[in-house]
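Trainee: From the sequence below, what's the structure:
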Amino acid sequence: MRLNPFNTGNINVRSSGGGGGVPGGKAGGLGCGTIVIAALGYFVFGLDPMQTAGMVESVQQGQQQAGPANTDEQAICTSSAYAREACNGLDSLNQTWAATFEQQGFGGQFQQPTLDLYGGGGVNTGCGAGNSSMGPFYCPADQTIYIDTSFYDTLEQQLGAGGDFARYYVLAHEYGHHIQTITGISQQIRSAQQQNPSRRNQLQVLMELQADCYAGVWAGKNRNLIEPGDIEEGMNAAAAIGDDRLTGGRVSKENFTHGTSQQRSQALRLGLQGDDRACDRITNIG
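Mentor: Below is the predicted model:
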């Protein structure tokens, strides 16, 4: 995808974590093996930290805050090819969604998220402690997307989903959770889950599929920048992280949290039409 170079005036980026360094694009911090892959399968492309044990209360109360971070955006964004790519993607996402909100008469409601390209394996967030093994995630309490870019090597080498568009999909999906936060959709889902705990997983799947759809909307609104093979990369990534494929049939459909490969691919394809209102119908729980 041929995105324009980032402008630090259009993005909020920082780098934090236990090691204090900026991630450089190697998979050493994630490790290997079936356990790691299984964990990534559940968390990648839509981890809501509130699903992690011990985080729910901290999110609701907003008691924990992110630790000290490097805020030199130029240095962070140029520290590696992955970091530069992520900053280019964030700039594009900010512009696209700001324009979308403005066109629909909600310009004053739009807020940019922060992107934390953390290193050192772990990070403190407004939702509690995070780490690289969780994959990319969004924290609604501090409206921040957290990515250790070493994950991208795992995405390609161990999950078979390589290419720049697959990586942009990761970021755009997490950005979709930010859209859900600032529009109030996320809170509606949480309330519905509390009122009907038996539907908790089902409602979580709807929220993840909507974030997939929102990722497609961003790409669809920038279709002129899409290159041959990009859509295929996105569809491959969506299919690769479906609950059914990752669990190999060992987990029942009722326990899925992100959707099947088919559902995720369909949600992304729906979004590629460029109409975010179509995505809104996914979580119409009224």
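
Trainee: Strands of the protein, residue ranges please.
Mentor: Here the chain has its strands, by DSSP state E, at 13-14, 114-116, 122-125, 128-131, 137-139, 144-146.

Trainee: With just CA atoms, put the third one into PDB.
Mentor: I take that to be strand 122-125. Extracted in PDB, the C-alpha atoms of strand 122-125 (Å, rounded to 0.1, in the frame of the first residue of the first chain):
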ATOM      1  CA  GLY A 122       6.300  -5.500  28.800                       C
ATOM      2  CA  VAL A 123       4.400  -2.200  29.200                       C
ATOM      3  CA  ASN A 124       2.200  -0.500  31.800                       C
ATOM      4  CA  THR A 125      -1.100   0.700  30.500                       C
END
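
Trainee: Listing partners with orientation, what would you give for that strand?
Mentor: Applying DSSP bridges, strand 122-125 is found paired with strand 128-131 (antiparallel).

Trainee: Run the chain-centre distance for the strand it pairs with.
Mentor: Taking the mean of its C-alpha atoms, strand 128-131 sits 15 Å from the chain's own mean (Cα atoms, centre = their mean, to the nearest Å).

Trainee: From residue 267, how far out is residue 86?
Mentor: Distance of residue 86 to residue 267, given as Cβ to Cβ, to the nearest Å: 22 Å. Glycine gets a C-beta too; all of them are placed from N, C-alpha and C.

Trainee: Also residue 216?
Mentor: Residue 216 is 7 Å from residue 267, by Cβ to Cβ.

Trainee: still on that earlier bit, could I get the strands of the chain as a markdown table with mean pLDDT, distance to residue 73 and mean neighbour count?
Mentor: Below are the strands of the chain laid out as a markdown table (pLDDT from 0 to 100; distance: least, Cβ to Cβ, whole Å; neighbours: other Cβ atoms under 10 Å):
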| stretch | mean pLDDT | distance to residue 73 | mean neighbour count |
| --- | --- | --- | --- |
| strand 13-14 | 95 | 5 | 22 |
| strand 114-116 | 95 | 9 | 24 |
| strand 122-125 | 85 | 17 | 22 |
| strand 128-131 | 85 | 21 | 20 |
| strand 137-139 | 92 | 19 | 27 |
| strand 144-146 | 95 | 14 | 26 |
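
Trainee: Against residue 107, how distant is the most centrally placed residue in the chain?
Mentor: By Cα atoms, centre = their mean, the chain has its centre lying nearest to residue 174, at 2.0 Å. Using Cβ to Cβ, we find residue 174 at a distance of 22 Å from residue 107.

Trainee: Report the contact partners of residue 90.
Mentor: By Cβ atoms under 8 Å, 6 or more residues apart in numbering, the residues touching residue 90 are 6, 11, 13, 115, 171, 175.

Trainee: any idea of the pLDDT on the first one?
Mentor: Translated: residue 6. With respect to pLDDT, residue 6 has a value of 94.

Trainee: Likewise for the one 5 residues further on?
Mentor: Reading off the per-residue confidence, residue 11 sits at a pLDDT of 96.

Trainee: And the one 4 residues further on, by the same measure?
Mentor: At residue 15, the pLDDT value in this model is 91.

Trainee: Show me the beta-bridge partners of it.
Mentor: Beta-bridge partners, per DSSP bridges, of residue 15: residue 70.
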